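A.B. asks: pasting the sequence and the predicted coordinates here, then a few questions.
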Amino acid sequence: MSAVVEPNATTKALLGQGGRPKPVGGGRGRLATQIFLAVVALIWIFPVAYAVLGSFRDYDYTSKHGYFSLGGFTLANYKDAWQQANFTHTMLNSAIITVPAVLLTLFLSCCVAFVVARFSWRFNLALLGLFTAANLLPPQALLIPVYRMFRAIEVPFWFSDSGTLLNSYWGLIAVNVAFQTGFCAFVLSNYMKALPRELYESAVVDGAGVLRQFFQLTLPLCRPPLAALATLEVTWIYNEFFWATVLLQSGDKYPVTSSINNLRGQFFTDNNLVAAGSVVIALPTLIIFFLLQKQFVAGLTLGATKG
Amino acid sequence: MARRKYKGIDHLSSVDRVVVALMVVVPTLLVLWLVWLPAVGSVLLSFTNWDGIGPISSAKVIGLKNYHDVVTIYPPFWPAVQHNLIWLGVLFLVATPFGLFLAVLLDRELRGSRVYQTAIYLPVVLSLALVGFIWQLIYSRDQGLINQVTGGTIDWYGDQRYNLWAALLAASWRHVGYIMLLYLAGLKGVDPTLREAAKVDGANERTTFFRVVFPVMAPINAIVLVVTVIESLRAFDLVWVINKGRNGLELISTLVTSNIVGEASRIGFGSAMATMMLLISSVFVAIYLRYTFKEQR
């Protein structure tokens, strides 16, 4: 789910500006605060660190000596977890679902945002509301009709080997796009509204039609929010669990996140395999987290406070 | 309105008109088809006795019978409601205030703040399903960390006395980081002159925060409230990964799902619960829309 924090804060976050002189407390209070924050940070990082550590431990060694021991380091868990969980397959599925879903979401939300920001007619706000609210409804409450519709809609075999939208990548992609477009459209429309209208004026004078204005003027200017939203959407859609679980019932189409359903049973006797599996599953999002942290934070708070 | 001044640039050729129409109509149809139509569908189905096997035309309208049955003769319903409420209570009364508290401390920008901040919101990039999976390392009966340290034999995810709380601890772990981020952005946006003025008036830090800063953040408070309520209502992934929402981990969302994709497909029944979810969430969606669109009106 997403929250909409205001653009000002976003731009500031994007530019990395704090902007305000810090209130300074007494020396002792500051030290106490720092110690407290350090402790909390350590506690927060612990489950992930523990998983990373455990993933390199040999099962026989840890079951004999316990986890509070040194030695028994190995890479074998990764090899085993990768094979047993069939990660080659599920990672590929995740990519097949995530890439088109993110691209479509961004493209469609750009379209809506552009029209809403560029032209003002009466239904603008209602339209944005319709999209934004869609992002917040509990997906489980919509499951029955979506599931039934997908099961009933027959599609050609080349489109989906199940013959219906149920159990097909495209069905799942469409649902993801429908749910994510609202948030992106809202954020993008706020950004586009801040673009100076004079730009369009000169474009129109030059004889540029709507399509050229959209592709050559608006989209290039929207690179910063698009980068932030792309980062966020890749994470979210990669992490999406519910729809993939219920709409792709055959395990062979499961993306990584939904395959967790089956892993617990497979790994249940060996916690070090669980650890290695967790690290593999987390890896794409952790890479995003460490490389694109600024974009990610900007995306999350994009659209939430008043400056 | 600004556009009056620029009458010229809103003139559209007939090609442009088609383009603009397509740009709005295609995404709108997708959202109407996959979000709003199903929402209406759930509500309508909840008043029928469709068994999901025969054609939908064979369904009869049976009024509120599904609702009546859900609240009277469906044993997991009330426990699920209770679990959802506990979920909300913990997120709202513990995780959210703690996230706010951390944001306030981090906002002072002491040395190392960035590092602490990064550590605390790291769980936000993980899916809740994965969070449930990772915490197994801590909770599992035979090899979990807690039992290793304490020498106990409690199955934290399996025992119904504990599993809801175990799941909530894991969920809070992630929620705190998210709330912290939202409030950190909110605090950065508070006008610094307000704090200065409060300081000049002799207010201490605590008074300044509760009397000046917190009220100024009203829009973000509303957003955090909505985020927390909706997250609690649609909590699903974490418990589904643990045990498909059974044995002490029933939530309304898992009951709806089990009634549809499980062995028994009880459409009307599941729809009645889905409609309740829609009803509750729509109140908070309305609050959300009100606050986020207020300035645009």
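C.D. replies: Thanks, I have the structure now. Numbers count the residues shown, from 1 in each chain, chains lettered A, B, ... in the order given.
A.B. asks: which residues touch the closest residue to chain B within the stretch 1-150 of chain A?
C.D. replies: Residue nearest to chain B within the stretch 1-150 of chain A: residue A:145 (3.3 Å; CB to the nearest CB). C-beta coordinates here come from the backbone N, C-alpha and C atoms, glycine included. Neighbouring residues of residue A:145 by CB atoms under 8 Å, 6 or more residues apart in numbering or on different chains: B:37, B:38, B:41, B:42, B:45.
A.B. asks: quick check: it is in a helix.
C.D. replies: Yes: residue state for residue A:145 (DSSP: H, G, I helix; E, B strand; the rest coil) corresponds to a helix.
A.B. asks: which one is it nearest to, not counting chain neighbours?
C.D. replies: residue B:41 (3.3 Å; CB to CB, 6 or more residues apart in numbering or on different chains).
A.B. asks: test my guess that that neighbour contacts residue A:144.
C.D. replies: Yes: contact criterion CB atoms under 8 Å: residue B:41 and residue A:144 qualify, at 7.1 Å.
A.B. asks: after the least confident helix or strand in chain A by mean pLDDT, which helix or strand is next?
C.D. replies: Using mean pLDDT, DSSP states H and E, helix A:7-15 stands out as the lowest-scoring helix or strand of chain A, at a mean of 43. Downstream of helix A:7-15, the first helix or strand assigned by DSSP states H and E is helix A:27-55.
A.B. asks: OK, contacts around the closest residue to residue B:139 other than its chain neighbours?
C.D. replies: Nearest non-adjacent residue to residue B:139, counting by CB to CB, 6+ apart: residue B:156, 3.6 Å away. Each residue near residue B:156 by CB under 8 Å, 6+ apart is listed here: B:138, B:139, B:140, B:141, B:144, B:146, B:162, B:163, B:166.
A.B. asks: which among those residues end up buried?
C.D. replies: B:138, B:139, B:140, B:144, B:163, B:166 (16 or more other CB atoms under 10 Å in any protein chain shown).
A.B. asks: against residue A:210, how distant is the spatially most central residue of chain B?
C.D. replies: Centroid-nearest residue in chain B: residue B:231, 1.6 Å away (criterion: CA atoms, centre = their mean). For residue B:231, the distance to residue A:210 equals 39 Å [CB to CB, to the nearest Å].
A.B. asks: over to residue A:287?
C.D. replies: Residue A:287 is 38 Å from residue A:210, by CB to CB.
A.B. asks: these two: which is more packed in?
C.D. replies: residue A:210 (23 against 11; other CB atoms under 10 Å in any protein chain shown).
A.B. asks: I'd guessed the more buried one sits against residue B:10; true?
C.D. replies: No: in this structure, residue A:210 is not within contact of residue B:10 by CB under 8 Å, at 10.5 Å.
A.B. asks: most residues in a single helix of chain A, which one?
C.D. replies: helix A:87-118 (DSSP state H).
A.B. asks: show me what counts as buried in that one.
C.D. replies: A:87, A:89-91, A:93-94, A:96-98, A:100-102, A:104-106, A:108-118.
A.B. asks: and that helix, what does it pack onto?
C.D. replies: helix A:124-136, helix A:169-193, helix A:223-239, helix A:256-267, helix B:14-31 (3 or more CB pairs under 8 Å, 6 or more residues apart in numbering or on different chains; DSSP states H and E).
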